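> What follows is a predicted protein model with its sequence.
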Amino acid sequence: MNSDGTRDARGTHANPVPRPAPPLEGTAAPQGGPAVPPLPAMPPRPAHTPGGDRPGVPPRSAVAAWLDESRPAAEPGIWRYGYRLPKGARTAGRLSPTTMAGMLIPLVVGLIIWSLWIRGLIPYQWAVLRLITPNGWWWAGTEVYPKTDRAAHAVLAYRGAAFVLLCCAMGRLGSWGKALRYFLDRVPQPRRAVITALGALVAVGWVFPSAFPGAFWGAAPVFDTVGDLVIALSGDLHLFTSVLFVYSLYAVITAVVVWPFARLGDWLPYARQLRAARTGDSVTPAAERPRAQWPELHEAGLHEAADVLSTEVAGGRMNDVDCARVTRAWAAAKRDATLAAFRDTVLHQGGAAWTHPSGERDLPRRRARHDLLVGQVRIGRWVAAERVPQAYQDMGAALGPQELGTSLLAVGPSGSGKTRQLVEPVTEALALQALTGECAVVAVSAPGAPLGADAAFDVIVRIGDPASVHDLDPYAETEDPDEAAAVLAEGLVGDLETVGSRHAATALAQVLGPYRAVHGRFPPLPELRELLEGEPSAVSALRTALADGGHATMRRELEARIRQTGGSDDVGRALADRLALLNRPVFAEFFGAGGGTRPFSLRAVAHHPLRVRIDLPEQGHEEASRLLTRLILAQFTAVVRSGRRTHFACLVLDDATGALTAESVRRIQRLRSQNAGVVLALRSIGDVPEALHGPLYGAVGCRMAFSGVTTWDGSRFAQSWGTEWVETRDVSQHTVFADQPMTRAMHSLRKLVTGKAVTTEAVTVRQVERERWSASELAHGVPPGHAVLSLTTVRGEHAPPLLVDLRG
């Protein structure tokens, strides 16, 4: 076991490629990929306890309060910790006039219909009755009377059914439940139960006024009509002579009348609460427990594990990283049905359960505010402006895996704050989430500007530094020559328009395949360059080895490469020229040259929540740095496609100049479906080939324009953000010309007194289509320390381009 939390695993090199620890216990192993060897037990490193004056870390005594703080659902990009809707945005919770009308109008219509029905003013009711019993009626003047028992029963049934249908229609069409819930939900117990009980008493009094001596109101037509319906359906007119039947009917009607009030007043839960208080039962329902007491564990019956974690939190022995890590393990245990293993692990290890393989439980230092329960990092504050929606005004701006999963493009000149106010907070957040098992991060620092402290990463690759512990595997630990050739060709000549990536990949495969067939590994880059250039000694030795080993197919591949060497369309010359950039003395011990460093493969991030930082060479090797950045991006987009991951993988490029190619842009667009994303920072969009401007803006879901961008860069953002319909008001003044002499005299007098002619104002209101942000506004209207940010989540939710104060 190495000190950085990795171990040597079998690979394709003389020096095995280090891999980090396997997935956390309780999480699913990746499918479709190579088996990950288990790790031996390792004592954890001393954990960083929460507290102190470190920024962004909840104090030791406030971890429970941090857990219990509300995190309601919000629009994309809003800091959810302690989020509260602004006062102007609470209108959605108010009772609208439409709801009130929906409650009162059906009531009025129902009363009018029933009044007309009782008075017999609806003519078609007798037509329906005559259809049922055509010969059962006789007329006395204008009155109609039933002359048979069947007709009398039909009248009773028709009247009762009409009343029942009318009541159901009123309750169904009206917004009674919504309106009453609006008022009653704001009333605590026991006042709510008392109010609904009084309402039920009044309703019962209207139905049975004879039960209230001295009542001055009339009876609601409930009992008589229901009784008529019962008699009509049963056909027995003597049912009401039975006392048992009458009182049973009383009980049924009373229950039907009281039941809605009991539901509105929550009588049954309140009764259970009173019973528990009277019997001395101190068991609190899981839904009412604070989050610091782990209510989900209590609900699942794991009371001992919940008590252990609650004690750890109350005693300050768990920080926010521990809580988020255990929460993730609990979700995995529920998904995989391993509750017993979860309980045993918590009882044995407490808050240190499922610690990251490095043994770290926190970062040595934090610069930004983080909320690990929802995976957010706060980067600033949404500015309250005219075009900002009410829900965003003066709210915190935050980013998380949901937004980064669609990839982010940030453009701004040097000194605008891309690294300090965006790249560093995002990298720090991903490193923290890696400690919880939620993600893996690969941060590529710009030359001479490392991202974060060394102690915050598990693997650090310092290319060109003799003191570097790790080396970068140029083949990404693949065993397929074609795949290795495609990735390497993308990194070497993907930016050259005169050299096709497919032809370059074919030329590389014609060399890599035969070499691997002979040696069982891929060649170091110096040997690969000699083979591409057609060095006679290298080619002859490989040809002889292929003949001795009986590799006829691979020998034909090599012969085809030899025939193309030196031709006018030979791509091997361009590949060798690019490899010459990496064949410098400063890189003599890197890229599989057999030095003292250990090769590291980016394929490890596809299987483990690993924290990786790659430092590019210092000044003087700009072309080599761009080539390496392009190679790292090609390897990342290739390895995240292998297997199924339960964690998010993200690549952060502090300087993506020269890294983007047509193939890499296409792969970036597919990352959101592979639970991965990239963060690209550019000084200018001109650092990307012009043919890729449109595809790049379409491939990323989040776009960020910093203060100081040029109008050329701003025009690309304006095109990608599109337009919106806005309402404009044009006010124009017109001079009034009077026709009557008296009116003209009055106007002349008014002009003499005021010095102005008599005019009228004409107001024109129009709907016009306007750019959300114009190129001029982006170039000259964004204050220093601000940026315009638009967001898209992996679920398809959108946030329009809004102004963010990165210092807030």
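Received, thanks. Just so it is clear, the model here is predicted, and its values are computed rather than measured. Residues are numbered from 1 along each chain as shown.
> make it CA atoms for all contacts and neighbour counts henceforth
OK.
> all helices in the stretch 351-500 of the chain, in order from the N-terminus.
Using DSSP state H, counting those that start in this stretch, the helices of the stretch 351-500 of the chain run over 401-404, 418, 424-435, 481-493.
> mind listing what residue 772 touches?
718, 721, 722, 723, 724, 801 (CA atoms under 8 Å, 6 or more residues apart in numbering).
> ok but the first one is inside a helix, no?
To tie it back to what came earlier, the one meant is residue 718. Yes. Counting by DSSP: H, G, I helix; E, B strand; the rest coil, residue 718 is located in a helix.
> Please give me every residue in contact with it.
Counting by CA under 8 Å, 6+ apart, the residues that residue 718 touches are 771, 772, 773, 774, 775.
> Compute the distance between the fourth one and residue 515, please.
With distances taken as CA to CA, to the nearest Å, residue 774 is found 55 Å from residue 515.
> Those two - which one has more neighbours?
residue 515 (25 against 20; other CA atoms under 10 Å).
> Just say helix, strand or coil for that one.
Applying three-state DSSP: residue 515 is helix.
> how close does it sit to residue 305?
The span separating residue 515 from residue 305 equals 56 Å under the rule CA to CA.
> go on, residue 578?
58 Å.
> who has more neighbours, the two?
Comparing residue 578 with residue 305 by neighbour count (other CA under 10 Å), the higher total belongs to residue 305, at 21 against 18.
> Look at that one and report its pLDDT.
Listed pLDDT for residue 305 reads 88.
> what about it, which helix or strand?
helix 303-314 (DSSP states H and E).
> Give the buried residues for that helix.
Buried residues in helix 303-314, counted by 16 or more other CA atoms under 10 Å: 303, 305, 306, 307, 308, 309, 310, 311, 312, 313, 314.
> Mind pulling up the pLDDT for residue 672?
Per-residue confidence at residue 672 stands at 89 (pLDDT).
> Correct me if wrong: it contacts residue 405.
Yes. Contact criterion CA atoms under 8 Å: residue 672 and residue 405 qualify, at 5.2 Å.
> Settle it for me: which of those two has more neighbours?
residue 405 (27 against 23).
> residue contacts, that one?
648, 650, 671, 672, 675, 676, 677, 678, 793, 794.
> for the first one, which residues make a bridge with it?
To tie it back to what came earlier, the one meant is residue 648. Beta-bridge pairing for residue 648 (DSSP bridges): residue 439.
> distance of it from residue 788?
Relative to residue 788, and taking CA to CA, residue 648 is found at 26 Å.
> between those two, which one's more packed in?
A side-by-side neighbour count of residue 648 and residue 788, using other CA under 10 Å, places residue 648 first with 26 against 21.
> wouldn't the more buried one be in contact with residue 676 here?
Yes. Contact between residue 648 and residue 676 holds when scored by CA under 8 Å: they sit 5.6 Å apart.
> list the contacts for the residue nearest the centre of the chain?
Geometric centre of the chain, nearest residue: residue 402, 3.4 Å, by CA atoms, centre = their mean. Shown in contact with residue 402 (CA under 8 Å, 6+ apart): 793, 794, 795.
> Excluding chain neighbours, what is closest to residue 801?
residue 790 (4.1 Å; CA to CA, 6 or more residues apart in numbering).
> Kindly state the beta-bridge partners for that neighbour.
Under the criterion used (DSSP bridges), residue 790 bridges to residue 703.
> Next up, the contacts around it.
So residue 790 contacts 702, 703, 704, 798, 799, 800, 801, 802 (CA under 8 Å, 6+ apart).
> buried residues in stretch 260-274?
Buried residues in stretch 260-274 (16+ other CA under 10 Å): 261, 262, 264, 265, 266, 267.
> what about the first one, which helix or strand?
Using DSSP H and E, residue 261 sits in helix 243-265.
> still on that earlier bit, for the contacts of residue 790, could you give me a markdown table that also reports pLDDT?
Formatted as a markdown table, the contacts of residue 790 follow (pLDDT from 0 to 100):
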| residue | pLDDT |
| --- | --- |
| 702 | 93 |
| 703 | 93 |
| 704 | 94 |
| 798 | 88 |
| 799 | 89 |
| 800 | 90 |
| 801 | 92 |
| 802 | 92 |
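> Quick check: residue 321 touching residue 431?
No. Taking contacts as CA under 8 Å, residue 321 lies outside contact range of residue 431: 10.8 Å.
> Relative to residue 567, how far out is residue 538?
Per CA to CA, residue 538 is found 19 Å from residue 567.
> Then residue 736?
From residue 736 over to residue 567 the distance is 86 Å, taken as CA to CA.
> For the spatially closest residue to residue 514 that is not a sequence neighbour, give its distance to residue 795.
With CA to CA, 6+ apart as the criterion, residue 514 has its nearest non-adjacent residue at 4.9 Å, and that residue is residue 554. Counting by CA to CA, the separation of residue 554 from residue 795 is 47 Å.
> No more questions from me, cheers.
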